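>>> I would like to see how this sequence folds:
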Amino acid sequence: MPLLLAVLMASPLSQAEDLVAVAIVDGGIPAPLTSVPGSPDRGRLIVRDISKASCLICHAMPIPEEPDHGQIGPPLEGIGSAYSVPELRLRLVDPKAINPETLMPSYYRIEGLTGVLARYAGTPIYTAQEIEDVVAYLATLKAD
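All right, here's what the predicted structure looks like:
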């Protein structure tokens, strides 16, 4: 499994950008990373996009048209009921701030990572807008 993590963290999935500084408050990142609200529709496309390190590699999700769902991480059905938007944002931006032992890669942080190929160093997996879009999508996944 460490190899999978290294591959995910090393993927050239987003062009380098000026990263937005984030502040963790009460277990989340309350401030959006962009001034443009996240789009759940774009977020759903992003979590399915293998060139963007699809969430489906590790998580089962309520996306029935995708045949293969990972079992490494917890299922994400109902995640929008379990966590607030700031908590979801932190889980994408810097999951190791919550659990230093997690296999989940940081989708936005670029400092202090290990196992990243030199040619991908300094490049986040998702852009700030993609983070907001994925957070908006995950927030729609409410428990029944």
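>>> shaky segments in this structure?
Counting by pLDDT under 70, the chain has low-confidence residues at 1-17, 119.
>>> any idea where the helices of this protein begin and end?
With DSSP state H as the criterion, the chain has helices at 2-10, 40-48, 79-82, 85-93, 128-140.
>>> how close does the residue nearest to the spatial centre of the chain get to Gly38?
The C-alpha lying nearest the average C-alpha coordinate of the chain belongs to Leu92 (Cα atoms, centre = their mean; 3.5 Å). According to Cβ to Cβ, to the nearest Å, Leu92 stands 11 Å off from Gly38. C-beta here means a position set from N, CA and C on the backbone, and glycine is covered the same way.
>>> which residues are in contact with each of the two?
Both Leu92 and Gly38 are contacted by 131, 134-135, under the criterion Cβ atoms under 8 Å, 6 or more residues apart in numbering.
>>> ok, of the residues you listed, which come out buried?
For those, a neighbour count by 16 or more other Cβ atoms under 10 Å gives the buried set as 131, 134-135.
>>> what degree of burial does Thr114 show, as a neighbour count?
Residue crowding around Thr114 was assessed by other Cβ atoms under 10 Å; the count is 8.
>>> phi, psi of it?
Here is the backbone geometry of Thr114 (degrees, to the nearest 10): phi -120, psi 160.
>>> and it, how far is that from Leu76?
25 Å.
>>> same deal with Ser54?
Ser54 sits 12 Å away from Leu76, going by Cβ to Cβ.
>>> ok, which of the helices of the chain comes nearest Gly122?
Closest approach to Gly122 among the helices of the chain is made by helix 2-10 (11.9 Å; Cβ to Cβ).
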